[in-house]
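Q: coords below, sequence missing:
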């Protein structure tokens, strides 16, 4: 190509880019109103804005995968929690896997795929501080939101640091077909424990034992759930990885062994409660059992254990490559379907890590 | 002395001993019936038996000091706990400081003073396995039941291992004028913490701040107790050493900071409850706070930390010698008064470590 032609081609390319930026629309899912109890479709609203323009030191990100996780229910409420709520009218928060579309940041180039925290929208700006570059050759990029991401690390750090499972012990986890629970059970098996999963429905229970190698799976929708759980735990429970709360807790509580450990990373079953939720036991009864059985109950969120990220990536990465750890994704197509998918998530309708494919890589 | 005289003297001495053994009466306080709610005097009965005779490998112990501690209420109930209950008609259990009266054990000689677990009685037999020799020159022997014994070690191990107080943090303890609470608060001060004690009545509160150096003391009988506790903890609560439960817990709960640690070693306020005790919060509400604030709640009993005994004796022994740790004893005279004293203990009537002087050293 001669100099003149190259110059013309360059000009054209720049012109195209300029036009493209002008016409790009950023769809955003915003919080229309705070849910009372179960979120409804009218608590969400899709708005369209021009895609933002990156300034010096910033990148423009295109969302490829959007992660839907139960903790987001907390951000929709004004109640105090470990993070600030989303304002009404604000874009809902979420981890994403995104592609760099344009960059004024020396460490990122267009085409780079990154783990980001763009929220429920097509495009977002980042200054790079919250990004992590992903290597698409190493693992499917969506796993950065699942087994190799926040849910996997929640399972790994909470189980190891608080649960401290020893070979021969019984580890119980609920929402066991989800991304946290399935990792908890499989890691427990790798440590030589008996892994018992609690899930909703026969399909999920079958998946846990037949595909993931859990020793037993119990359907929490069964009328004799508490009896079935007791049968599945003939030596009691040494570690209960708590991520649902509610009625499952009531069934687990009497089965806890002396010195049982209870990492608490979520309480999905309670997130939509409006009245003060009640249980089979009172706090003084719980505390009596904490004392007599010397239980450890400890809440955590994954960023409390950020210092364990390298250990997590090494171990879980290796288990994945060795085929010792399996995962399952539940993919919903299109950002506009995120609200309905999220509503279903809180009802346990997903089967595996719930992801929205916002754009094709 | 000539041989014959020595022989006669020997014979006389043996004769005297024989007569003495024959007439020795062992008073025992036995569980007459299981208390429903608060123990009453008729739940106890004093019986008289001949003192037992030590066999080969055994010693006969004379109780000098009898320790009364809240955990004994649990032993009077048939409910499952971390130790077997006392049978109706059985001698109530207790730690004692005792003197060896007669010995057929090579490691113990008459006159030795030992820490024992003789129970509520004048005399007991031991094979030595549960004894620890005390050096009366080192510390007053009664301290082996208090600041240098089980209560002191409960405070030391629970605070250090579970509470993990850091300089500048706020440590709150109830029953703070008792042997566990007073040690918890003083050790917290030695670690550079703000120590806040909860106690019943102005005298105890004054003692905590004026004598023991607590930063603040709050009377749980005051009608505005919860407000006063909040004022005493302007930066919230980082460690709550739980030994009472009940209404105090309800006042503490909203003041807990993120990452607060709650060692649970007792629940005195609940021990006499007959109905299922209730509180201001439900278990699901508690668990929500465990999650959002990432609390650690962990029950323990002192023998779980038996491996820390040497550290405890070194540190607390040194603090006592340096005058950095003070203690107070509440002495009741006579075994026959043990039941009434114990009933008062559960109502907080004691002021300091409650001890019964059964015999004079």
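A: Looks like it came in fine. All values derive from a computational prediction rather than experimental measurement. Numbers count the residues shown, from 1 in each chain, chains lettered A, B, ... in the order given.
Q: Only C-alpha atoms from now on, for both contacts and neighbour counts.
A: Noted.
Q: what about residue A:161, how many neighbours?
A: Around residue A:161 there are 12 other residues, counting by other Cα atoms under 10 Å in any protein chain shown.
Q: pLDDT score for it?
A: At residue A:161, the pLDDT value in this model is 97.
Q: residues in chain A within reach of chain B, list them.
A: For chain A, the residues found near chain B under the criterion Cα under 8 Å from any Cα of the partner chain are A:81-82, A:245-246, A:264-267, A:270, A:276-279, A:281-288, A:290-301.
Q: Now, of those, which are buried?
A: Neighbour counting over the residues of chain A next to chain B (16 or more other Cα atoms under 10 Å in any protein chain shown) leaves A:245-246, A:264-267, A:270, A:281-288, A:290-301 as the buried ones.
Q: Quick one: mark the members of the residues of chain A next to chain B that sit in strands.
A: Judged by DSSP state E, the subset of those located in strands is A:264, A:296, A:297, A:298, A:299.
Q: got a list of what the first one touches?
A: Which is residue A:264. For residue A:264, the contact set (Cα atoms under 8 Å, 6 or more residues apart in numbering or on different chains) comprises A:241, A:242, A:243, A:297, A:298, A:299, A:300, B:287, B:290, B:291.
Q: quick one: the first one and residue A:263 touch, right?
A: Read it as residue A:241. Yes. Under the criterion of Cα atoms under 8 Å, residue A:241 makes contact with residue A:263 at 5.2 Å.
Q: which residues are common contacts for the two?
A: Counting by Cα under 8 Å, 6+ apart, the shared contacts of residue A:241 and residue A:263 are A:158, A:159, A:163.
Q: quick one, helices of chain A?
A: All helices of chain A, identified by DSSP state H, fall at A:3-23, A:72-75, A:150-157, A:179-190, A:202-210, A:225-232, A:246-252, A:283-292, A:309-321, A:338-345.
Q: can you tell me which of those comes nearest to residue B:330?
A: Nearest to residue B:330, of all those, is helix A:283-292, at 26.5 Å by Cα to Cα.
Q: which other residues reach that closest one?
A: By Cα under 8 Å, 6+ apart, helix A:283-292 touches A:258, A:295-296, B:81-82, B:245-246, B:264-267, B:270, B:276-279, B:281-283, B:286, B:297-301.
Q: now the angle from it to helix B:283-292?
A: Using axes from the mean of the first three to the mean of the last three Cα atoms, to 10 degrees, the inter-axis angle of helix A:283-292 relative to helix B:283-292 is 60 degrees.
Q: separation between residue A:301 and residue B:31?
A: 49 Å (Cα to Cα, to the nearest Å).
Q: can you count the residues close to residue A:106?
A: Neighbours of residue A:106 (other Cα under 10 Å): 11.
Q: For the residue nearest to it when sequence neighbours are not counted, give its distance to residue B:65.
A: Leaving aside its sequence neighbours, residue A:106 sits nearest to residue A:57 (Cα to Cα, 6 or more residues apart in numbering or on different chains; 7.4 Å). Computed as Cα to Cα, the residue A:57 to residue B:65 distance reads 75 Å.
Q: the more surrounded of those two?
A: residue B:65 (32 against 14).
Q: how close does that one get to residue B:102?
A: Distance of residue B:65 to residue B:102, given as Cα to Cα: 18 Å.
Q: can you check residue A:151 too?
A: Distance from residue A:151 to residue B:102, by Cα to Cα: 66 Å.
Q: Could you do residue A:220 as well?
A: Note on residue A:220: its distance to residue B:102, by Cα to Cα, is 63 Å.
Q: next one: residue A:35
A: Using Cα to Cα, one obtains 77 Å as the distance from residue A:35 to residue B:102.
Q: just residue A:40 next, same as before
A: Per Cα to Cα, residue A:40 is found 81 Å from residue B:102.
Q: How far does stretch A:329-347 sit from its chain's centre?
A: Centre-to-centre, stretch A:329-347 and its host chain are 13 Å apart (Cα atoms, centre = their mean, to the nearest Å).
Q: Now do the buried residues in it.
A: By 16+ other Cα under 10 Å, the buried positions in stretch A:329-347 come out as A:329, A:331, A:332, A:335, A:336, A:338, A:339, A:341, A:342, A:343, A:345, A:346.
Q: wait, what's in contact with the last one?
A: Put plainly, it is residue A:346. Here residue A:346 is in contact with A:70, A:268, A:269 (criterion: Cα under 8 Å, 6+ apart).
Q: got it, and residue A:233?
A: So residue A:233 contacts A:170, A:196, A:255 (Cα under 8 Å, 6+ apart).
Q: what's the answer for residue A:207, then?
A: Residue A:207 neighbours (Cα under 8 Å, 6+ apart): residue A:177.
Q: where's it relative to chain B, distance?
A: Plainly put, residue A:207 is 29 Å away from chain B if you go by Cα to the nearest Cα, to the nearest Å.
Q: pLDDT at that residue, what is it?
A: pLDDT recorded at residue A:207 is 98.
Q: what do you get for the one 3 residues further on?
A: Confidence at residue A:210, expressed as pLDDT, is 97.
Q: care to break chain A down by domain?
A: Domain ranges of chain A: A:23-146+A:328-357, A:150-321, per automatic domain parsing.
Q: what pLDDT, on average, does the first one get?
A: If you average the pLDDT over domain A:23-146+A:328-357, you get 96.
Q: quick one on the thing from earlier: now, of the contacts of residue A:233, which are buried?
A: For those, buried by 16+ other Cα under 10 Å: A:170, A:196, A:255.
Q: show me what contacts the closest residue to the last one other than its chain neighbours?
A: Closest residue to residue A:255 apart from its sequence neighbours, by Cα to Cα, 6+ apart: residue A:236 at 5.1 Å. Shown in contact with residue A:236 (Cα under 8 Å, 6+ apart): A:170, A:230, A:255, A:256, A:257.
Q: quick one: residue A:236 from chain B, how far?
A: 16 Å.
Q: pLDDT at that residue, what is it?
A: What the model reports for residue A:236 is a pLDDT of 97.
Q: And for residue A:270?
A: Residue A:270 carries a pLDDT value of 81.
Q: about what we covered before: with residue B:307 as the reference, name the closest of the domains of chain A.
A: Of all those, domain A:150-321 comes closest under Cα to Cα, at 16.6 Å.
Q: Straight-line length of that closest one, end to end?
A: Domain A:150-321 has its terminal residues 19 Å apart, counting by Cα to Cα.
Q: residue ranges of the strands in the stretch 1-150 of chain A, please?
A: Taking DSSP state E, counting those that start in this stretch as the test, the strands found in the stretch 1-150 of chain A are A:25-31, A:44-50, A:59-67, A:96-103, A:113-116, A:123-126, A:132-133.
Q: Looking at those, which one is packed in the most?
A: With neighbours defined by mean count of other Cα atoms under 10 Å in any protein chain shown, none of these is more surrounded on average than strand A:59-67, at a mean of 28.
Q: ok, residues contacting that one?
A: So strand A:59-67 is contacted by A:52-54, A:94-105, A:108, A:118-128, A:142, A:145, A:354-361 (Cα under 8 Å, 6+ apart).
Q: Any idea how many residues pack against residue A:273?
A: The tally of other residues near residue A:273 (other Cα under 10 Å) stands at 13.
Q: how much space between it and chain B?
A: For residue A:273, the distance to chain B (Cα to the nearest Cα) stands at 10 Å.
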